[in-house]
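K.L.:
make a model of this:
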Amino acid sequence: MSARLASGLIVNALIRRVNAEGGSAMVLAKGDAEAGAILVLALDRGDDPRFFERGIGPDGKATLVRSGPLQFDDPGAVGDYWQRRRSRDPDLWVLELDIASAERFAAETIIGA
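P.N.:
Coordinates of the predicted model:
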C-alpha cells in the first residue's frame, strides 16, 4: 500500500499547473488539508460546467470520474450542487479550473499523485 499525498499539497500543485499554462484556478471551498476529497468544477472559458472527482474505475484503480448533473439548465445550479455536497462533507475541497483540457490537468495531478 503506497502513501497518498496530502490533499492540500495536491490542490496547490493543480492550481500552480493550471496557472502556469495560462488558465485560471481557484479554491471555492477549502477542505481538510490531509485527507479531504477533491471536487473539481471544470470550465472552458467560463462555459460548459462539469464536475469530476477521484473514484475507482472498472479495473479497480483510481481514476477521475464525472460527478453531478450532466447539464446545468440554471447558472445557479452549479453553485447549488457543490454547496450541497460541501454541506454533507465539510472536509471536501472544491476547485474551479477554467482551462482547455481541465479534466486532463485534474487527472494527471490528482490521480498521478
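
K.L.:
can you give me how far stretch 24-41 is from the chain middle?
P.N.:
Chain-centre distance of stretch 24-41: 7 Å, with C-alpha atoms, centre = their mean, to the nearest Å.

K.L.:
can you get me the start-to-end distance on it?
P.N.:
12 Å (C-alpha to C-alpha, to the nearest Å).

K.L.:
avg pLDDT for that stretch?
P.N.:
Stretch 24-41 shows a mean pLDDT of 95.

K.L.:
now that stretch: buried residues?
P.N.:
Ala25, Ala29, Gly31, Gly36, Ala37, Ile38, Leu39, Val40, Leu41 (16 or more other C-beta atoms under 10 Å). Placement of C-beta: from N, CA and C, glycine included.

K.L.:
who are the contact partners of the first one?
P.N.:
The neighbours of Ala25, taking C-beta atoms under 8 Å, 6 or more residues apart in numbering as the test, are Leu14, Ile15, Val18, Asn19, Leu95, Glu96, Leu97, Asp98, Ile99.

K.L.:
what is the burial count for the third one?
P.N.:
Neighbouring residues of Val18 were enumerated by other C-beta atoms under 10 Å; the total is 23.
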